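Asker: any chance you could fold what I've pasted below:
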Amino acid sequence: MIGNEWQRGRDGLVRSRRLESCLLAAAALMLMTTPSLAEDTLIDTEGGPIKVETVAGGVDHPWGLAFLPDGRMLVTERPGRLRIVTPDGITSQPLTGVPQVFAKGQGGLFDVALDPAFVSNRLVYLAYAEPGDGGAGTAVARGKFGDASLDDVQVIFRQQPKIDGPYHFGGRLAFAPDGRLFVTLGERFQFEPAQDLSNHLGKIVRINPDGSVPEDNPFVAQIDAKPEIWSYGHRNPQGVAIHPETGKLWESEFGPMGGDELNLIHPGLNYGWPLVTFGLEHSGAIISRYTSKPGMEDPVTQWTPSIAVCPVLLCLSDRYPGWRSHLLVGSLARQEFRRLEVRAGHLVEDELLFKERGRIRDIVTGPDGLLYLAIEHQGICREPARLFDDFRHRAGNFVQASRIDANVGRRLVNLDARAVHFPLERNFARKLPQSFGYVGSGLRQHGRNRREQFELESPEDIGSIQQCNAGNRAQALRIHRRAAHLWCR
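Answerer: Just a heads-up that it's a prediction; the model follows:
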């Protein structure tokens, strides 16, 4: 059996070392040191045991990784810094020349990528949340890599319009075999604009390295559409992987409460958000009655409850012959590292490799063929927050089952004397901790809107959904902020 070593150390990049021949390597950028992270941990997988080692530390909220030709690594920090990590784990001072970022909530400095012709042109690309009139939006800039700086930095793409608020930026970059650049863009927590081709919200765009629009983009000839758009109907896509030979494009995106997705992306197609989804509002309200519709692409797989799926990597390293062409994904909320095997567009195997070792932001293959992961610290969670996380996932499971299975009736529970109806298992409702009284209060405030939404005859009517959800969404935001540790993705 092939064996690998995983070593857990201080905050930083981790990589697994092969005992005989390497099976898995990972790089983790940790913010905190805990006893469980400092110990060597051997983990069994279907391909053999693995062990992780930390290769660099002292990195603040790592988001994106990119290896330089000389073996050094560029690492983005979400607060707005770009650093170099050497093969022996030394972390540089921040490089100068990085654009100003909107570093609030989920905003900040996101992904980093090298130009396909980096050896000759030295160009580095950054995705980030850019502040400006109207709020903030995802932008892409490029500059020439220097010894301690990015020089001649130019913004080559700006998401339009800019939106007030700190949520759902997307921000992943990937170059295709033909040299075109894909950029994932979140819908900025606006929902319906993801279906509107006149903006960049909830889209994946395809541009030339200089920011110009390829002539073969699917909506170039459509007058009322943004020409950069490649696909639409996305919520918050933060993972993308491209096969270097076929150009096949994989994408992962956050759902709301449930409904995280893995998609195979095709030009010009609609991926449904918010008209179809497996997820619910964080308040428990229904977003759509539909999980599938004609003319909208179904996900290859989805996760309910949410795992907060983030990066996705197509594994092509010879170090892992048993994982050839499999997908590797990381998650934030569940802190999971998973291996997915997809055949003919269908998921045939989903293996959990490890979990609860930090929030996984990026996965890349190093020049040594090993896998490197950017991992945030686990963070500090109080017991009530964990209980509430369990409550919302179990409730989401039951609600989703009720929607899919016509034989499952609604379950009603009295949250107080006003008897607001919420689809939930009675047995679990009796166990609902009183410490979550604010949740019941919030649901009571918009119970009428939610009950009216249940009776909608035409849920595909976006205007009606928007009107019914207005109160729900505002209350969900208030609840969201009161459990911020769990929903900060």
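
Asker: run through this structure and note the low-pLDDT ranges.
Answerer: Along the chain, the parts satisfying pLDDT under 70 run over 1-41, 377-489.

Asker: domains in it, by residue range?
Answerer: 4-376, 386-487 (automatic domain parsing).

Asker: would TSV of these with mean neighbour count be doable?
Answerer: All C-beta spots, glycine's among them, are computed from the backbone N, C-alpha and C. Shown next, in TSV, are the domains of the chain (neighbours: other CB atoms under 10 Å):
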stretch	mean neighbour count
domain 4-376	20
domain 386-487	15
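
Asker: how much space between the residue nearest to Pro218 when sequence neighbours are not counted and Ala285?
Answerer: Excluding the flanking residues, the one nearest Pro218 by CB to CB, 6 or more residues apart in numbering is Gly268, at 3.3 Å. Gly268 sits 31 Å away from Ala285, going by CB to CB, to the nearest Å.

Asker: before we move on, what about Thr54?
Answerer: 42 Å.

Asker: and Leu185, by the same measure?
Answerer: Counting by CB to CB - Leu185 and Ala285 are separated by 25 Å.

Asker: what lies in contact with stretch 236-248?
Answerer: Here stretch 236-248 makes contact (CB atoms under 8 Å, 6 or more residues apart in numbering) with 167-178, 182, 184-187, 204, 249-254, 264, 309-314, 316, 325, 327, 329, 489.

Asker: OK, contacts around Leu314?
Answerer: Neighbours of Leu314 in contact, by CB under 8 Å, 6+ apart: 241-243, 250, 325-327.

Asker: okay, and the beta partners of it?
Answerer: Leu327 (DSSP bridges).

Asker: please begin residue numbering at 241 from this point
Answerer: Renumbered: residue one is now 241, and that last one reads Leu554.

Asker: what ranges do the strands span in the stretch 441-590 of the chain?
Answerer: 443-447, 469-472, 476-482, 489-494, 500-505, 541-543, 549-555, 566-571, 576-583, 586-595 (DSSP state E, counting those that start in this stretch).

Asker: now the strands: where do they sit in the stretch 291-440 of the chain?
Answerer: 302-307, 313-317, 321-325, 349-354, 363-372, 375-385, 390-398, 410-415, 421-425.

Asker: now those in JSON lines, with distance to Glu286?
Answerer: Converted to JSON lines, the strands of the stretch 291-440 of the chain look like this (distance: least, CB to CB, whole Å):
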{"stretch": "strand 302-307", "distance to Glu286": "26"}
{"stretch": "strand 313-317", "distance to Glu286": "29"}
{"stretch": "strand 321-325", "distance to Glu286": "31"}
{"stretch": "strand 349-354", "distance to Glu286": "30"}
{"stretch": "strand 363-372", "distance to Glu286": "34"}
{"stretch": "strand 375-385", "distance to Glu286": "37"}
{"stretch": "strand 390-398", "distance to Glu286": "41"}
{"stretch": "strand 410-415", "distance to Glu286": "28"}
{"stretch": "strand 421-425", "distance to Glu286": "30"}
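
Asker: circling back to that earlier point, max pairwise distance over the contacts of Leu554: which two?
Answerer: Ile482 and His566 (15.1 Å; CB to CB).

Asker: what sits against the closest residue to Gly570 other than its chain neighbours?
Answerer: Of all residues not flanking Gly570 in the chain, Ile600 sits nearest, at 2.7 Å (CB to CB, 6+ apart). For Ile600, the contact set (CB under 8 Å, 6+ apart) comprises 268, 550-551, 570-572, 575-577, 613-615.

Asker: out of those, which is nearest to Leu354?
Answerer: Ala614 (16.1 Å).

Asker: doesn't Arg601 make contact with that closest one?
Answerer: Yes: between Ala614 and Arg601 there is a contact at 4.4 Å, judged by CB atoms under 8 Å.

Asker: joint contacts of these two?
Answerer: 269, 302-304, 551.

Asker: with distance to Arg318 added, can I get those in CSV?
Answerer: Output for the shared contacts of Ala614 and Arg601, formatted as CSV (distance: CB to CB, whole Å):
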residue, distance to Arg318
Leu269, 11
Pro302, 8
Trp303, 5
Gly304, 9
Pro551, 14
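
Asker: check these and tell me the two furthest apart.
Answerer: Using CB to CB for every pair in these, the one that comes out farthest apart is Leu269 and Pro551, at 12.7 Å.

Asker: since that was my last question, I'll sign off now.
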